[in-house]
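Visitor: curious how this folds, go ahead:
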Amino acid sequence: MNKEEKIQYANYLIEEITTKFLQKDNPYIITEGYEYLREVITLYAKQSNLFESALLLLENNHSEEAYVLVRSMLNNTMLIHYLCNDETGERYKDYKIQPTKSELSFLYDIKKALKNGWMKEEPPELDKKIKQYQEFLMSNGFVKTIKTKKGKKRVADTKLMSIKGMALTDELLFGHYQGFYREGSKYEHSDFSSLSIYRTPVSEEYPDTVAFILDLSKTDPELEEKVLNLAITIYSLTYLNLLQHITNKQSHLITDERKPDLAKLALVIQSNDFHFPYENEESNSSTDNPDTIK
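Guide: Residues are numbered from 1 along each chain as shown. Model prediction:
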């Protein structure tokens, strides 16, 4: 496929998956025990929007900017995989508590800013709010033991989830992290090495760090192809893995009427050769088999 054909195929995937698998515009009712699926489905819905936005950037030759969104897509894929492989429920519990931990982390930052003299006035009841968040975490089981001069002490576990932390729990997640997530970070954080694409040398006598003209219409064609392939791969494999997960563990959620369309879409995806380069044939063949939902 050329670039235009790949983008057309990608838009087809988005339409098919959002309507037939995610069932957009249809009501969801999440009963007790299936809360993690609510988050997983919503994360994949967000990934659809990220994918569509990345395609718009790629159509306009902004592959460097598109990589930032594709990195977020990969973030979602890793989080979906992480939550779907939660044997004890602790991962979902930790995921759900993240807003509280983030708010407490922000309050700690305010305390540091006050200590450094960067803020003149302390927000009202700052210490009280910090204590309330700490007590809330501990009452929900987020406790750790630390050593002090007086001995051991139980305190709130305020550690935030991280991509690196998730990656180190699973071989597949680590492969994603090692292969693409770290590389995408240089575009996310505007690493020095990612900026030269915007500078056109004035002459061969001087490098683009000395004399240049800004050209915001340029893009790296090799990066463009890589990002487009990666975006299609991420979105496709997330569908296959989610379909397999629901089929194996929550099969009652897929009605008989939906199964043929979902199986057909799985076959279409598997017939297109978009795979992470570090995946071997064995891992590819272990992805969803549409026969399981016929």
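Visitor: residue closest to the middle of the protein?
Guide: By CA atoms, centre = their mean, the chain has its centre lying nearest to Asn75, at 1.8 Å.
Visitor: isn't it up against Tyr181?
Guide: Yes - counting by CB atoms under 8 Å, Tyr181 is a contact partner of Asn75 at 7.3 Å. Yep, even glycine has a C-beta here, placed from its N, CA and C like the rest.
Visitor: overlap in contacts, the two.
Guide: Between them, Asn75 and Tyr181 share these contacting residues under CB atoms under 8 Å, 6 or more residues apart in numbering: Ile163.
Visitor: spit out the contact partners of the residue lying closest to the residue nearest to the centre of the chain once chain neighbours are set aside.
Guide: Excluding its sequence neighbours, the residue lying closest to Asn75 (CB to CB, 6 or more residues apart in numbering) is Ile163, at 6.2 Å. Counting by CB under 8 Å, 6+ apart, Ile163 touches 75, 78, 177, 181.
Visitor: any idea which of those is closest to Asn60?
Guide: When these are compared for distance to Asn60 (CB to CB), Asn75 wins out at 23.0 Å.
Visitor: quickly find the element holding the closest one.
Guide: helix 63-84 (DSSP states H and E).
Visitor: by contact count, what packs against the helix or strand that that helix is followed by?
Guide: Downstream of helix 63-84, the next assigned helix or strand under DSSP H and E is helix 90-115. Contact partners of helix 90-115 among helices and strands, from 3 or more CB pairs under 8 Å, 6 or more residues apart in numbering; DSSP states H and E: helix 35-59, helix 63-84, helix 126-139.
Visitor: residues of helix 90-115 that come out buried?
Guide: Going by neighbour count (16 or more other CB atoms under 10 Å), the buried part of helix 90-115 is 91-92, 94-95, 97, 100-101, 104, 107, 110.
Visitor: do stretch 209-225 as well
Guide: In terms of neighbour count (16+ other CB under 10 Å), stretch 209-225 has its buried residues at 212, 219-220, 223-224.
Visitor: would CSV of those with secondary structure, distance to Ile7 and pLDDT be doable?
Guide: Listed next are the buried residues of stretch 209-225 as CSV, based on DSSP: H, G, I helix; E, B strand; the rest coil; distance: CB to CB, whole Å; pLDDT from 0 to 100:
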residue, secondary structure, distance to Ile7, pLDDT
Phe212, strand, 31, 86
Thr219, coil, 14, 85
Asp220, coil, 17, 85
Leu223, helix, 16, 91
Glu224, helix, 11, 93
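Visitor: show the contacting residues for Val155.
Guide: 134, 138, 143-146.
Visitor: what's the separation between the residue lying closest to Asn61 once chain neighbours are set aside and Leu228?
Guide: Counting by CB to CB, 6+ apart, Asn61 lies nearest to Thr219, which is 4.5 Å off, once chain neighbours are set aside. According to CB to CB, to the nearest Å, Thr219 stands 11 Å off from Leu228.
Visitor: overlap in contacts of those two?
Guide: Contact criterion CB under 8 Å, 6+ apart; residues bridging Thr219 and Leu228 by contacting each: Ser63.
Visitor: what's the burial count for Glu5?
Guide: 9 (other CB atoms under 10 Å).
Visitor: how many residues are close by Asn26?
Guide: With other CB under 10 Å as criterion, Asn26 counts 7.
Visitor: show the model's pLDDT score for it.
Guide: The score at Asn26 is 89. That number is its pLDDT.
Visitor: for it, give me the backbone phi and psi.
Guide: Here is the backbone geometry of Asn26 (degrees, to the nearest 10): phi -110, psi 150.
Visitor: mind checking the SS state of Ile213?
Guide: Local secondary structure at Ile213 is given as strand here, using DSSP: H, G, I helix; E, B strand; the rest coil.
Visitor: that one contacts Tyr206, correct?
Guide: No - checked against CB under 8 Å, the pair Ile213 and Tyr206 is beyond contact range at 11.6 Å.
Visitor: ranges for the strands of the stretch 101-250 of the chain?
Guide: Under the criterion DSSP state E, counting those that start in this stretch, the stretch 101-250 of the chain contains strands at 143-148, 151-156, 199-201, 212-214.
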